[in-house]
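**Q** pasted the sequence and its predicted model underneath.
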Amino acid sequence: MKNFGKYIIFISSLFQRRESFKTYFNLSINECIKIGYESLFIVAIVSIFMGAVTTLQTAFNLVGPLIPDYVISLVVRDMTLLELSPTIIAIVFAGKVGSNIAGELGTMRITEQIDALEVMGINSSSYLVLPKIIASILMYPILVVMSAFLAILGGYIAGTISEVIAGAEYIYGLRYEFNPFNIPFALIKSYVFAFLVASISSFQGYYTEGGALEVGKSSTQAVTKSCIAILIADYLLAQILL
Amino acid sequence: MIEIKNINKSFNKKQVLFDISGQFEKGKTNLIIGASGTGKSVLLKCLVGLLKPDKGNVLFNDRDFTNGSKKLITELRREIGMLFQGGALFDSKNVEENVMFPLNILSKLNKDKKLERVNHCLKLVGLENINNKMPSELSGGMKKRVGIARAIVNNSKYLFCDEPNSGLDPLTAIKIDNLIQKLTHELKTTTIVVTHDMNSVMEIGEKIMFIHKGKKLWQGNNKNIFNSKVKELNEFIFSNKLMKKLKS
């Protein structure tokens, strides 16, 4: 509870003694490149294989004389939109971006770079963390949309190559009884997860004390705590919104 | 001038500073000396506002830094320049960007004027034509010089240095000490240097405060330090063979 209270105070400190809009704009653009652009490759790889494996495993478990083939792509579509793309990619995001944020801030803390900012009269938490959170909230939903597209494409490629489903049947299944709310639901989840990963990882890194060993511990804790927070938020959002 | 009044500081019920008072004069290099773990760095952090004293006040030209309004504290902080032990240069920025950083945040100068100011400060610290080098490409002494350039670039009135010559060879250490003293005299800053190096004490100690186990035991200058009757100070000064030999 003490840590949670400290986290809330940390988040509120981001909005005090802010610098100019231009400063945050430039910093946020740089962070967008680091957080979004540099995550494209890993997200793409994970998404394609996630879709491909989901297609093959659904086919293995579901297909029978009474179940039409298009059910495979229907399952892939709903699983991708509701869970795999927003949540599993969030775990990957926590591993890549979260550990990077915690490591960067932790190193800045132990080498007194954060103290240097404070001595200059700059609110270091706002200056360093707010752009990371803004960039994360801007870029993660884009990654999720891209991930959903690639996962469904991966499923199509795997399904047609292994001949478990015909291409036309796969497309039919994707369109069959589509619930449009799944898209805003996935996006809401992505905004929440992006905030959690960026803020928790920044919190862990910002309050690092000690040396190189502690920076490593902060990075590990950032990933662990982000993953737990993602899973709890995932459950709560499903309970509230579905 | 900076004045401190009855500074007390504890961590987890362990008191590390006891009623420290004193004055640090403008245009002089004021040294805070003492053995490791005596509370020098804690006192320095209280002075620059990185730690808040449990009791007591820090006054910058009679302006209360400890209990002042947020606006006053921000204003005062922008008059402070600090050289950290390891330089604390921003890893992701090159030398020019590091030195220009306070100007980008705090001043309204145009880019050309900022660059002119950066080059002037780099020249003052004896570093020219290294604008594009990254901190990882610099030696320990160069990092400290860039740190000093960054500390003075915004025309700081108050300059704080935390062990400026730690980890440096004796020759470079003396160069850094002399540079700090030269800048203090030229720019008329109130300079406070935390050190445990006796070479620094002899070289630039225009005003010296000796701290032992969190208490101020002596205040004077490098001319009268050898005449002190304080046992702890004498133990500190004459802890190595060279100083003992000099004494005898």
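**A** Okay, I see it.

**Q** and residue B:108, that's in a helix?
**A** No: under DSSP: H, G, I helix; E, B strand; the rest coil, residue B:108 falls outside any helix and is assigned coil.

**Q** separation between it and residue B:116?
**A** For residue B:108, the distance to residue B:116 equals 15 Å [CB to CB, to the nearest Å]. Every residue, glycine included, has its C-beta placed from N, CA and C.

**Q** out of the two, which sits in the busier spot?
**A** The residue with more neighbours, out of residue B:108 and residue B:116, is residue B:116; 12 against 7, by other CB atoms under 10 Å in any protein chain shown.

**Q** which SSE is the more buried one in?
**A** Using DSSP states H and E, residue B:116 sits within helix B:111-124.

**Q** same question for residue A:7.
**A** Counting by DSSP H and E, residue A:7 is found in helix A:2-13.

**Q** one more: residue A:74?
**A** Counting by DSSP H and E, residue A:74 is part of helix A:70-79.

**Q** circling back: mean confidence score for the helix holding residue A:7?
**A** Per-residue pLDDT over helix A:2-13 has a mean of 89.

**Q** list the buried residues for that helix?
**A** Within helix A:2-13, the residues scored as buried using 16 or more other CB atoms under 10 Å in any protein chain shown are A:7, A:10, A:11, A:13.

**Q** check which helices and strands it sits against.
**A** helix A:124-161, helix A:182-206 (3 or more CB pairs under 8 Å, 6 or more residues apart in numbering or on different chains; DSSP states H and E).

**Q** still on that earlier bit, what's the helix holding residue B:116 in contact with?
**A** Outside helix B:111-124, the residues that touch it by CB atoms under 8 Å, 6 or more residues apart in numbering or on different chains are B:95-96, B:99-100, B:103-104, B:107, B:109, B:128, B:130-131, B:146, B:149-150, B:152-153, B:183.

**Q** picking up where we left off before, what lies in contact with the helix holding residue A:74?
**A** Residues contacting helix A:70-79 (CB under 8 Å, 6+ apart): A:51, A:54-55, A:58-59, A:62-63, A:151-152, A:155-156, A:159, A:164-165, A:169-174, A:176-178, A:182.

**Q** try stretch B:227-240
**A** Counting by CB under 8 Å, 6+ apart, B:33-35, B:198, B:201, B:210, B:212, B:217-218, B:220, B:225-226, B:243-244, B:247 sit against stretch B:227-240.

**Q** among these, which lie within strands?
**A** B:33, B:210, B:212, B:217, B:218, B:220 (DSSP state E).

**Q** surely residue B:19 forms part of a strand?
**A** Yes: under three-state DSSP, residue B:19 falls within a strand.

**Q** count the residues that sit near it.
**A** 13.

**Q** just say helix, strand or coil for the most centrally placed residue in chain B.
**A** Centroid-nearest residue in chain B, with CA atoms, centre = their mean: residue B:161, separated by 1.9 Å. What three-state DSSP gives for residue B:161 is strand.

**Q** list the contacts of it.
**A** B:82, B:83, B:148, B:180, B:191, B:192, B:193, B:194.

**Q** in the sheet, who's paired with the first one?
**A** Counting by DSSP bridges, residue B:82 forms beta bridges with residue B:160.

**Q** for stretch B:191-200, measure first residue to last.
**A** 14 Å (CA to CA, to the nearest Å).

**Q** show residues contacting that stretch.
**A** Contacts for stretch B:191-200 (CB under 8 Å, 6+ apart): B:2, B:24, B:28-36, B:40-41, B:43-44, B:47, B:158-166, B:170, B:173-174, B:177, B:180-181, B:183-184, B:201, B:204, B:237, B:240, B:243.

**Q** what about the closest residue to chain B within chain A, which SS state?
**A** Going by CB to the nearest CB, chain B is nearest to residue A:121 of chain A, at 3.3 Å. Using three-state DSSP, the structure places residue A:121 in coil.

**Q** surely it meets residue B:77?
**A** Yes: between residue A:121 and residue B:77 there is a contact under CB atoms under 8 Å: 3.3 Å.

**Q** residue A:98: how many residues sit nearby?
**A** 31.

**Q** what about residue 181, neighbour count?
**A** No chain specified, so I'll use chain A. As a measure of burial, residue A:181 has 11 neighbours, counting by other CB under 10 Å.

**Q** wait, chain B was what I had in mind.
**A** 19.

**Q** which stretch of helix or strand covers residue 177?
**A** With no chain named, the answer covers chain A. Using DSSP H and E, no element contains residue A:177; it sits outside every helix and strand.

**Q** oops, wrong one, chain B.
**A** helix B:170-187.

**Q** and the angle for that helix with helix B:111-124?
**A** Counting by axes from the mean of the first three to the mean of the last three CA atoms, to 10 degrees, helix B:170-187 lies at 130 degrees to helix B:111-124.

**Q** buried stuff in helix B:170-187?
**A** B:172, B:173, B:174, B:175, B:176, B:177, B:179, B:180, B:181, B:183, B:184, B:187.

**Q** and if you look at stretch A:156-166?
**A** Those would be A:156, A:157, A:158, A:159, A:160, A:164, A:165, for stretch A:156-166 by 16+ other CB under 10 Å.

**Q** got the end-to-end distance for that stretch?
**A** 9 Å.

**Q** tell me the mean pLDDT for that stretch?
**A** On average, stretch A:156-166 scores 93.

**Q** contacts for the helix or strand bottoming out on mean pLDDT in chain A, please.
**A** Least confident element among the helices and strands of chain A, by mean pLDDT, DSSP states H and E: helix A:2-13 (a mean of 89). By CB under 8 Å, 6+ apart, the list of residues contacting helix A:2-13 from outside reads A:123, A:125, A:126, A:199, A:200, A:202, A:203, A:206, A:207.
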